[in-house]
Structures are given as structure tokens and as C-alpha cells.
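# fold the stuff below for me.
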Amino acid sequence: MGLPVVHFEIVGADPARLRAFYGELFGWDFDLGDASTPAVSRPGEYGFVHGGANPVPGDGASGINGGVAGGAGFEPRVLFYIGVPDVEAALQEAERLGGTRRMGPEPEHPAPGTLVVGHFADPEGNVVGLAGTG
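Numbers count the residues shown, from 1 in each chain. Reported below is the predicted structural model:
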């Protein structure tokens, strides 16, 4: 298998409403906090979803972690993140293959072990996230 999907985000202008919707629809519980970067969500509005707490019924498997976030001024979107060893290198490779860098890596100068994220648009304009460590 190639690199795995490690995180998802659902972003919109009213994150509380989105959390209520997805919480009711899928039984998700949220831990509110801050996103790894303010480019993703207004402070205190990132609702973390823990995949291990949301197993797929009947097969014992667990899902991936995610978040429901945003706030005023954030464009609605659904985004998934691929785990990569080097966010900058993956962004450069996406660009080489015809994609467009949209964000990152952030933070720009991470401490060792810090979460680093980036976004790129594929050749059709779909935005994909990358996640790694500094």
C-alpha cells in the first residue's frame, strides 16, 4: 500500500452547526481546540474527531482522525490529508506533476516533532492536504 490517508477536515462558515450536523448524523464526539494553523480554522473552533472512538460497525476496524472547523470567512470544503515523511518534498513533487501549491509547509520553521501541514491542488483543482513532522 502507498502512503495512507491520516486525517480529514470538514470546514465551513458555521463550525458549530457543522459539528451538530455531523455529530447527530454519525454519532461523532468533538474535542474543541485550536487547529495546527489559523489557515484552517478560527481559534477555538476546531472540533477534533478521534477515529479510534468511531469504529466501523461490525468489523472492529477504526476510522481515521479528523476535524470539523472553520468560522466566518472560511470557504466550505472537505479535505483529506496524506501522511508523508517530508511535506516540502511532497509539495514540490505535486508541482512537478502538474499540481499547484496552495499552502505550506506550515509552520514555516517547525521544531523537531511538530506537526507540519501543506495543501496542493491537483491538475483538476481538487485540494489535497499533506501532513508530516518537522
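# list the buried residues in stretch 24-39.
Using 16 or more other Cβ atoms under 10 Å as the test for burial, stretch 24-39 gives 28, 30, 35-37. (Glycine included, C-beta is placed from N, CA and C.)
# possible to save these as a markdown table with distance to residue 80 and pLDDT?
Formatted as a markdown table, these follow (distance: Cβ to Cβ, whole Å; pLDDT from 0 to 100):
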| residue | distance to residue 80 | pLDDT |
| --- | --- | --- |
| 28 | 16 | 87 |
| 30 | 18 | 93 |
| 35 | 15 | 85 |
| 36 | 15 | 79 |
| 37 | 17 | 80 |
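# name the residues that touch the lengthiest helix in the chain?
Looking across the chain with DSSP state H, the single longest helix is helix 15-26. With contact meaning Cβ atoms under 8 Å, 6 or more residues apart in numbering, helix 15-26 is reached by 10, 12, 28-30, 41-42, 45-47, 54, 68-71.
# thinking again about what came up before, want to throw the buried residues of stretch 24-39 into TSV with distance to residue 119?
Below are the buried residues of stretch 24-39 laid out as TSV (distance: Cβ to Cβ, whole Å):
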residue	distance to residue 119
28	23
30	22
35	13
36	12
37	10
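# closest one of the residues you listed to residue 118?
residue 37 (9.9 Å; Cβ to Cβ).
# just say helix, strand or coil for that closest one.
Counting by DSSP: H, G, I helix; E, B strand; the rest coil, the backbone at residue 37 sits in coil.
# I'd assumed residue 106 was in contact with it.
Yes - proximity of residue 37 to residue 106 meets the contact threshold set by Cβ atoms under 8 Å, at 4.5 Å.
# hey, what's in contact with both of the two?
Counting by Cβ under 8 Å, 6+ apart, the shared contacts of residue 37 and residue 106 are residue 117.
# give the burial count for residue 128, as a bare number.
Burial of residue 128, expressed as a neighbour count using other Cβ atoms under 10 Å, amounts to 18.
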